[in-house]
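Peer 1: I'd like to go over a predicted model; first the sequence, then the structure.
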Amino acid sequence: MSDDATDGDDLGVLRHKREATRYRILVEIAERQPAVSQREIADAIGVTAQAVSEHLGDLAEGGLVDREGRGRYRVTKEGVDRLISQTDELREYLDHVTGDVLGDVEVETALADGAVAEGDRVALSMREGVLHAAAVDGDAADATGGAATAVAVTGAADGADVGVTEFDGVVDYDLGAVTAVVVPAVRDGGSASVDAERLREAAKAADLVVAAGTEALAAVRRIGREPDLRFGTVDAVREAAMRGQNVLLVVVAGELSAHTEPLRETAVAVDVLQATANR
C-alpha cells in the first residue's frame with residue numbers, strides 16, 4: 001500500500017485528486033452501506049469501476065473500509081474518523097472562501113425600486129433599515145447629486161432582492177437611537193412595576209419594539225402589543241439602530257449593559273427611560 005492513507009492529513013482533501021476521490025468513495029459507502037457495488041460508486045462520482053476497485057483496495061488495506069463479501073462494504077471507525085476530519089477541513093475552507101474571499105468582493109443586497117437589469121448603475125437609499133436600489137440611465141447616473149450609487153450584479157423585478165457592488169459615494173441616512181426601559185426582575189416586582197402609559201407612549205415613537213427577557217415581554221404585552229423582536233436582541237438592537245431605526249428596548253434589569261456595550265463604539269445615542277410606576 002502507498003502512503004496515501006496518511007498523506008491526506010498533510011495534503012488536505014482538496015490538495016490531492018486521489019484523496020478527494022477516496023473521500024467521495026467513503027461518503028458513498030457510508031451513505032449506502034452495507035450493500036453497495038463498485039459500479040454504483042463509480043457512476044456516482046464519475047470515475048471507472050476499475051479505479052474504484054483500486055481505491056477500495058487501498059482503503060481496506062489502510063483499515064478505513066471493511067469488505068463483508070461481494071458488493072458489501074462498510075466504513076470502519078477509523079474511516080468515520082477520517083471522514084469527520086476531512087469534512088471539518090472542507091468546512092473551514094468553505095468558511096474561508098465565503099468569509100475572507102467572497103466577503104472582499106463587497107456585494108451587498110438591496111431591494112429594487114422598479115425593475116433593475118444586471119449591469120445597471122443604481123442609486124442607493126436607506127429606508128426603514130433596508131438598502132434600496134433604483135436604476136438610473138446614463139445621463140442621470142452622472143447627475144445623481146452626490147447620492148450613493150453602485151452597479152447591479154443581478155437583475156431584479158420591482159421589490160425583489162438585487163446584488164450591488166462597485167459603490168460610489170456614501171448612503172445618506174441618519175443613525176437611529178435606542179431608548180431603553182428597564183423592567184425589574186420578577187422578584188422585584190416584574191412587569192407590574194412598569195408604568196404602562198409611559199411605556200405605551202414610548203412605543204408609539206419607536207420604529208421597533210424589542211423585548212429582552214420574560215418580564216420585558218410581559219411588560220410589552222401589558223400595553224396591548226407584541227414586540228417586533230424577542231431573540232438575539234443584543235445584535236439586533238445594534239444592527240437596527242445602525243441602519244437608522246429608532247429602537248425601544250424593553251429589557252430586564254441586569255441585561256441592559258449587554259445591549260448598550262456594543263453601542264459604545266458607534267455613534268448611536270442611548271437613552272434610559274425611567275418608566276417604573278413609582279417614579
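Peer 2: Arrived safely.
Peer 1: Which stretches in the protein count as strands?
Peer 2: 65-67, 73-75, 108-112, 121-127, 130-136, 149-152, 161-168, 177-183, 208-212, 247-252, 269-273 (DSSP state E).
Peer 1: ok, the second one: who's next to it in the sheet?
Peer 2: Which is strand 73-75. strand 65-67 (antiparallel) (DSSP bridges).
Peer 1: what's the strand it pairs with in contact with?
Peer 2: Under the contact criterion C-beta atoms under 8 Å, 6 or more residues apart in numbering, strand 65-67 has outside partners 26, 29, 56, 59, 60, 73, 74, 75, 76, 79. Bear in mind the C-beta positions are built from the backbone N, C-alpha and C, glycine included.
Peer 1: Out of those residues, give me the two with the largest separation.
Peer 2: Largest separation among the contacts of strand 65-67 by C-beta to C-beta: 56 and 76, giving 12.7 Å.
Peer 1: Counting neighbours, go ahead and name the busier of these two.
Peer 2: residue 56 (19 against 16; other C-beta atoms under 10 Å).
Peer 1: got the contact list for the more buried one?
Peer 2: By C-beta under 8 Å, 6+ apart, the neighbours of residue 56 are 25, 38, 65, 67, 73.
Peer 1: Buried among those residues? Need that as a selection in ChimeraX.
Peer 2: Of the contacts of residue 56, the buried ones go into a single ChimeraX selection, burial set by 16 or more other C-beta atoms under 10 Å:
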select :25,38,65,73
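Peer 1: about what we covered before: among the strands of the chain, which is the most enclosed?
Peer 2: Most buried of the strands of the chain by mean neighbour count (mean count of other C-beta atoms under 10 Å) is strand 247-252; its value is a mean of 27.
Peer 1: what lines up beside that one in the sheet?
Peer 2: strand 177-183 (parallel), strand 208-212 (parallel).
Peer 1: Can you add distance to residue 201 and give the ones you listed back as CSV?
Peer 2: Below are those laid out as CSV (distance: least, C-beta to C-beta, whole Å):
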stretch, distance to residue 201
strand 177-183, 11
strand 208-212, 12
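Peer 1: Nearest to residue 150, out of the ones you listed?
Peer 2: Of all the strands paired with strand 247-252, strand 208-212 comes closest under C-beta to C-beta, at 26.2 Å.
Peer 1: Just the residues contacting that closest one, thanks.
Peer 2: Strand 208-212 is contacted by residues 203, 217, 219-220, 225, 227-230, 233-234, 236-237, 240, 245-252, 255, 259 when judged by C-beta under 8 Å, 6+ apart.
Peer 1: Please produce a ChimeraX select command covering the buried subset of those.
Peer 2: For the buried members of the contacts of strand 208-212, the matching ChimeraX selection, counting by 16+ other C-beta under 10 Å, is:
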select :203,217,219,220,227,228,229,230,233,234,236,237,240,245,246,247,248,249,250,251,252,255,259
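Peer 1: If we go by neighbour counts, what in the lengthiest helix in the chain is buried?
Peer 2: Counting residues, the longest helix found in the chain (DSSP state H) is helix 77-96. Within helix 77-96, the residues that qualify as buried are 79, 82, 83, 86, 89, counting by 16+ other C-beta under 10 Å.
Peer 1: same thing with stretch 111-118?
Peer 2: 111, 112, 113, 116.
Peer 1: any weak-confidence spans in the protein?
Peer 2: Counting by pLDDT under 70, the low-confidence segments of the chain come to 1-15, 96-105, 138-146, 277-279.
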